[in-house]
Each structure stands twice: as C-alpha cells, then as structure tokens.
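[1] A structural model of the following input is requested.
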Amino acid sequence: MAHSPLSLSCQCKKVKASVVPISPKVANHLICYCSDCQQFAHALKRADDVLNTYGGTEIVQVPVSHFNILEGEEHIACLKLSEKGLHRWYAKCCNTPIGNTLTAGWPFIGVIRSFINDPSLDEKAGAIKGSVHLKDATGLVPDDLLGPQGHKRLVLATLVKLASWKLQQKHTPNCFFKPDGTPIVTPHIQAH
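    Numbers count the residues shown, from 1 in each chain. Below you'll find the model as predicted:
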C-alpha cells in the first residue's frame, strides 16, 4: 500500500523535499555507525542532534528518483570526505544533513533522520531494520538498538534493493545531479 509522501525539511525550513512513493517495502530504514557518517555530523557541527549515544546516524534509504526537492534548492551544498567518497548533501542555511548519494548512476539516497520531519516515519518507511558498521560505534551498542535483522542479512537485503532499483532505472530523475552526471553544486572536499 502506498502512503502519502514522506515529508522532509531542514531545521530552518528553507529547504523542503518529499519522498514519494514511499512504503516499508520500498524503504530501507537503518542505523549506520561508520566513521564517515560520524565525521559528516561533526563537520556540520550537528553531532548532538544527528548521532545517537553510540555514534550512529539513522538513515532511510530510498530510490533517488522518489526524492523531490520542493523548495530551497539554492541552499543545498555538498561535502565529500575524500575525492572518491560519498556525496554528502546538506542545507547550508542551517547545516542540516540531507542525505548521502554515490554518483549519478547509483539509484539511491540515504536520507538522514535530521532532515525527516514526518511524524509517521515508521508507518511510511517501516521500523529500523538493523545496524551497519558497528565496528566504528563509539561504544557497545545494546541489543535493543541493533534492529531485528542481523548485519549480514541487512547488507544482503540492501544489495538486493540496490540491484532491483538499478534494473528499474531508479537513478533518474535525480535532483542532485545534472543530466551530464555532474553534481548540481561543486562538492567541498574535506579530508579526515
């Protein structure tokens, strides 16, 4: 069953977006503990409201073709933590992280929880399925935060979704990349 759009905005509400269609079957709701996600939150000086107690970032992965910028595209900026790293998008008006993408040809965006202002998140995107990159957590993550899927099952499920989205051409339209594959804004590279 399709739900109404997932409502998104930055903290100051200058950047607004939505994900549609959205459903628990489409979305992949997880927590990432990787050091790069932690570094991104710290670079934006938003660690306190992005990271959980153990350094985890709550993310909802969806096809990038389902992500629509509604207002404030001029406030969107991009940070990369290395030349080949993920494109880490944020609202420069208030330093709210938006989400992570690879390149124009990859069909997904990992939308960061701090950009999701929808009270029906779990209903629309499903509950958190699991956690990834636990080795980078800042402490021992308790079982109740790990999610029902084990790490290997979650990674496999993610790869299956990505392959399916790729076959379905869900990398386009892509509001973060121009038709020639270049980002809509020049990424700032901030090495660790």
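[2] going forward, measure contacts between C-alpha atoms and count neighbours the same way
    Will do.
[3] what's the burial count for residue 104?
    Residue 104 is surrounded by 21 other residues when neighbours are defined as other Cα atoms under 10 Å.
[4] which SS class is the closest residue to it other than its chain neighbours?
    For residue 104, ignoring the flanking residues on the chain, the nearest one in space by Cα to Cα, 6 or more residues apart in numbering is residue 181 at 5.2 Å. With DSSP: H, G, I helix; E, B strand; the rest coil as the basis, the three-state label of residue 181 is coil.
[5] Same question for residue 30.
    Residue 30 carries the three-state label strand when classified by three-state DSSP.
[6] What is the host helix or strand of residue 90 packed up against?
    Using DSSP states H and E, residue 90 maps to strand 87-91. When contacts are defined as 3 or more Cα pairs under 8 Å, 6 or more residues apart in numbering; DSSP states H and E, strand 87-91 sits against strand 76-80, strand 96-101.
[7] Residue 103 is in contact with the residue nearest to residue 104, correct?
    Yes: using Cα atoms under 8 Å, residue 181 is in contact with residue 103, at 7.5 Å.
[8] Just want to know which of those two has more residues nearby.
    Ranked by neighbour count (other Cα under 10 Å), residue 181 and residue 103 place residue 103 first, with 18 against 12.
[9] so what's the residue nearest to residue 104 up against?
    103, 104, 105 (Cα atoms under 8 Å, 6 or more residues apart in numbering).
[10] Any idea how many residues pack against the residue lying closest to residue 8 once chain neighbours are set aside?
    In space, and not counting its chain neighbours, residue 8 is closest to residue 116: 4.5 Å by Cα to Cα, 6+ apart. The criterion is other Cα under 10 Å. On that basis, residue 116 has 23 neighbouring residues.
[11] The strand holding residue 90 - which strands sit beside it in the sheet, and in what orientation?
    Strand 87-91 has the following sheet partners, assigned by DSSP bridges: strand 76-80 (antiparallel), strand 96-101 (antiparallel).
[12] which one of those strands is the most hemmed in?
    Ranked by average neighbour count under the criterion mean count of other Cα atoms under 10 Å, the strands paired with strand 87-91 are headed by strand 96-101 at a mean of 24.
[13] now that one: mean pLDDT?
    Taken as a whole, strand 96-101 carries a mean pLDDT of 97.
[14] Show me the contact partners of that strand.
    Residues from elsewhere that reach strand 96-101 (Cα under 8 Å, 6+ apart): 10-11, 41, 44, 46, 86-91, 108-112, 114-115.
[15] Strands of this structure, start to end?
    With strands called from DSSP state E, the chain shows them at 6-9, 16-19, 28-32, 57-63, 67-71, 76-80, 87-91, 96-101, 108-112, 130-132, 188-189.
[16] What angle do strand 108-112 and the strand holding residue 90 make with each other?
    Here strand 87-91 runs at 40 degrees with respect to strand 108-112, directions being taken by axes from the mean of the first three to the mean of the last three Cα atoms, to 10 degrees.
[17] What average pLDDT does strand 87-91 get?
    Averaged over strand 87-91, pLDDT sits at 97.
[18] Perfect, that will be all.
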